[in-house]
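*Asks:* got a predicted model here, sequence first, then my questions.
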Amino acid sequence: MNEFATGVSLTKQTRASYDAYLDRIPLLLHNHDIYVQKFTASGEKWIRVQMVGLTLENPKVLEADGTSNPLDIRTCRLRNMTYNIPMYTTVHIHRSDGPSSVHPNVYMGRVPLMVGSKHCKSKLPEYDHGGYFICNGSEKTIINQKAHVHNTMMTLHRVHGGVDQWAVCCKSEDDHRGVMSTSIRYVPNGSAMVLFPKVKEEISVGSLMSMLPAPKYVALTDEESIFFGLSGKTNRVEVANTFCLGDSDADRQASVLRMLLPHTSCKSDYLILMMQKLYRDIHANQWADKDSLMYQRIEMVEDLLYSLTHNLLCKMKHDISMRLHRKMNGNIRNDTILKMLSACTTVMDGIQYALSTG
């Protein structure tokens with residue numbers, strides 16, 4: 001035990017989590033393509049900008065005279081600088097009115113570098129195990145956060161106005177769209193209502209099931225179907241009434257249904273499993289303890305920075321899309337698009353602001 005304590009650093013998990021975050025950034029960039037479409041007098045015009053791969057250079061500082069020097073943690077502390085690392089990617093530009101082009105080594109800003117990570121080139125003293133950042137000369141660290149577990153069904157219960165209210169929910173984790181919650185609420189009159197992102201109000205389970213492919217692996221029993229009011233014919237409703245305006249009804253409905261349980265492709269089967277769990281727990285009069293460690297997880301550096309970077313990339317994507325859309329009436333050169341990407345500091349400023357202010 002003593003040998004393990006002395007041989008394994010206390011910050012090893014933190015540094016490994018940050019290294020995993022850097023390895024996942026290329027996937028984030030790949031999932032945030034910029035697509036701009038506009039209908040002009042000459043016809044439809046569109047531009048798609050894809051960011052493929054990621055290259056991380058050694059930490060360096062750009063001096064006032066235009067030269068660059070290696071950056072280490074001692075310099076950052078003495079000069080009140082941020083210890084960061086530059087990022088470069090390959091940009092693919094596709095357009096409707098011209099040929100596609102590939103542009104390597106496009107500057108994408110800087111990301112704060114954790115001291116002691118695999119990309120850190122500074123020599124640390126023996127007593128320094130790393131695991132922290134240096135922002136404006138000050139040492140900052142990320143504290144692990146406690147959160148509810150994802151992709152797991154959980155039965156909830158409360159008494160409101162003297163009436164028992166039951167529901168089963170699942171927080172689905174998706175690499176493209178973050179965490180989305182889906183809940184099925186039992187209505188005492190013998191039906192079940194579903195609520196998930198991008199729908200304005202609850203819809204019945206039967207109406208939702210009619211829009212999804214038939215379940216393959218599980219099915220409700222007769223008692224469960226009667227309990228949730230699914231034994232009769234269900235009227236089909238439209239759920240895409242306020243989302244993706246401008247698209248066809250089929251495309252809008254498909255976009256909405258992608259927000260339902262995004263962690264699985266067997267959505268009908270999972271909905272049935274959620275109803276079966278709700279049926280069992282109601283009859284057993286039992287529900288989940290949200291404070292139990294069974295339904296909690298620890299979000300480390302990788303999870304927190306990944307979620308933050310995802311949100312910042314969505315903002316960057318929206319800002320650049322709006323700027324490109326305003327210029328679609330004319331001819332947008334490739335150099336203009338590349339300058340927009342390099343000059344956009346949304347991601348870099350957002351991460352540094354989060355670390356600096358906590």
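*Replies:* Thanks, I have it.

*Asks:* run through the residues that contact residue 68.
*Replies:* The neighbours of residue 68, taking Cβ atoms under 8 Å, 6 or more residues apart in numbering as the test, are 60, 61, 62. (Glycine included, C-beta is placed from N, CA and C.)

*Asks:* the last one and residue 70, how far apart?
*Replies:* Residue 62 sits at a distance of 12 Å from residue 70 (criterion: Cβ to Cβ, to the nearest Å).

*Asks:* and if you look at the first one?
*Replies:* Residue 60 is 6 Å from residue 70, where distance means Cβ to Cβ.

*Asks:* what about these two, which has more around it?
*Replies:* More crowded of residue 60 and residue 70, by other Cβ atoms under 10 Å: residue 60, with 16 against 11.

*Asks:* mind listing what the more buried one touches?
*Replies:* 68, 69, 70, 71, 86.

*Asks:* my guess is the last one contacts residue 106. True?
*Replies:* This points to residue 86. No - look at residue 86 against residue 106 with Cβ atoms under 8 Å: they stay out of range, at 11.3 Å.

*Asks:* which ones are touching the most centrally placed residue in the chain?
*Replies:* Closest to where the C-alpha atoms of the chain average out (Cα atoms, centre = their mean) is residue 178, at 3.1 Å. For residue 178, the contacting residues are 307, 310, 311, by Cβ under 8 Å, 6+ apart.

*Asks:* distance of the closest residue to the first one other than its chain neighbours from residue 195?
*Replies:* Looking back up the chat, that one is residue 307. In space, residue 307 comes closest to residue 178 once its chain neighbours are excluded; the distance is 6.7 Å by Cβ to Cβ, 6 or more residues apart in numbering. To residue 195, residue 178 is 17 Å away according to Cβ to Cβ.

*Asks:* same deal with residue 273?
*Replies:* Look at residue 273 and residue 195: by Cβ to Cβ, they are 17 Å apart.

*Asks:* doesn't residue 206 lie inside a helix?
*Replies:* Yes - membership of residue 206 in a helix is supported by DSSP: H, G, I helix; E, B strand; the rest coil.

*Asks:* SS state for the spatially closest residue to residue 115 that is not a sequence neighbour?
*Replies:* Leaving aside its sequence neighbours, residue 115 sits nearest to residue 130 (Cβ to Cβ, 6+ apart; 4.2 Å). Following three-state DSSP, residue 130 is assigned to coil.

*Asks:* would you confirm that residue 130 contacts residue 15?
*Replies:* Yes - under the criterion of Cβ under 8 Å, residue 130 makes contact with residue 15 at 5.9 Å.

*Asks:* which residues do the two both contact?
*Replies:* 9, 114, 116, 117.

*Asks:* shouldn't residue 325 be in contact with residue 36?
*Replies:* Yes - assessed by Cβ under 8 Å, residue 325 is found in contact with residue 36 at 5.3 Å.

*Asks:* so, low pLDDT: which residues of the stretch 101-250 of the chain?
*Replies:* 175-177, 231-249 (pLDDT under 70).

*Asks:* more neighbours: residue 325 and residue 36, which one.
*Replies:* residue 36 (21 against 13).

*Asks:* residues contacting that one?
*Replies:* Residue 36 neighbours (Cβ under 8 Å, 6+ apart): 46, 47, 48, 321, 324, 325, 328.

*Asks:* at 6 Å instead, please
*Replies:* Going by Cβ atoms under 6 Å, 6 or more residues apart in numbering, residue 36 touches 47, 321, 324, 325.

*Asks:* quick check: closest non-adjacent residue to the third one.
*Replies:* When you say that, I think you mean residue 324. Once flanking residues are discounted, residue 324 sits nearest to residue 36: 4.5 Å by Cβ to Cβ, 6+ apart.
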